[in-house]
Every structure is written in C-alpha cells, then in structure tokens.
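Asks: using only what follows, build the 3D model:
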Amino acid sequence: MGAKMNVWDRCSELLLEILQIEILRIRSFAYAGNSLIAASIADHIHNIPEILRSGQLDLVRSYLDADVPSYVLSQGNISMLSELWGELRHLLKCTDTETL
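Replies: Purely as a prediction, here's the structure:
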C-alpha cells in the first residue's frame, strides 16, 4: 500500500498544480473580458476537487481519458498542462485502479 499511497500523493500534487494553473488562467481571461474562455476553463476543472476527495485513481483515469481530450479540442494544445497530464498518465500505468 505504501507505493500506491505515494502514487496517490503525487497524483494529488499534480491535480492541485492543474487546478492552480487553471484558476490563474480563469482570472486572466476574466479580466480580459473573455468570459466564454474563462467558463470553458472552469468547466474543465470543476470535478478536480471531487477527484481529490475521493482518493480513487479510476477517477483520475476518467479525467484523463474523457475530460482532457474534450478540453484540448475546445482549447487547443495547452503546453503548460501537457507535461502534468503526461506525468499523471505515467503514474497510472504503474498501478491498478482502487481506492487508496
């Protein structure tokens, strides 16, 4: 369980980084008057707190498999997030799905 807890800890850190980046982007687009982009970003991150509360890697996997691709289609390539998403995917390859 120790290794899985470390995987969850790192996944949590990465999700928090994504949340922070996206909140700052929302603020930036809102100040610039781009409410549609700000709303799209908010839609992308609104489930991250529940993922963090759950402790379930399968919800992280679902976020990466469903939410991220549709977000990238709507926003284009977001290089600052691509690295974080890549690390999350790598971590998930190293473990199976279960509640930690």
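Asks: okay, CA-based contacts and neighbour counts for the rest of this
Replies: Noted.
Asks: I'd like the next helix or strand past the lengthiest helix in the chain.
Replies: In the chain, taking DSSP state H as the definition, the longest helix is helix 2-31. Using DSSP states H and E, the helix or strand that follows helix 2-31 in sequence is helix 35-45.
Asks: what helices or strands is that following helix leaning on?
Replies: Helix 35-45 is packed against helix 2-31, with contacts defined by 3 or more CA pairs under 8 Å, 6 or more residues apart in numbering; DSSP states H and E.
Asks: now the helix it packs on: mean pLDDT?
Replies: Average pLDDT, helix 2-31: 91.
Asks: and that helix, what does it pack against?
Replies: Counting contacts by 3+ CA pairs under 8 Å, 6+ apart, helix 2-31 is packed against helix 35-45, helix 48-54, helix 79-93.
Asks: run the angle between that helix and helix 79-93 for me.
Replies: 160 degrees (axes from the mean of the first three to the mean of the last three CA atoms, to 10 degrees).
Asks: can you give the distance of helix 2-31 from its chain's centre?
Replies: Chain-centre distance of helix 2-31: 6 Å, with CA atoms, centre = their mean, to the nearest Å.
Asks: buried sites along it?
Replies: Across helix 2-31, burial judged by 16 or more other CA atoms under 10 Å covers 4, 7-8, 11-12, 14-15, 18-19, 22-23, 25-26, 29.
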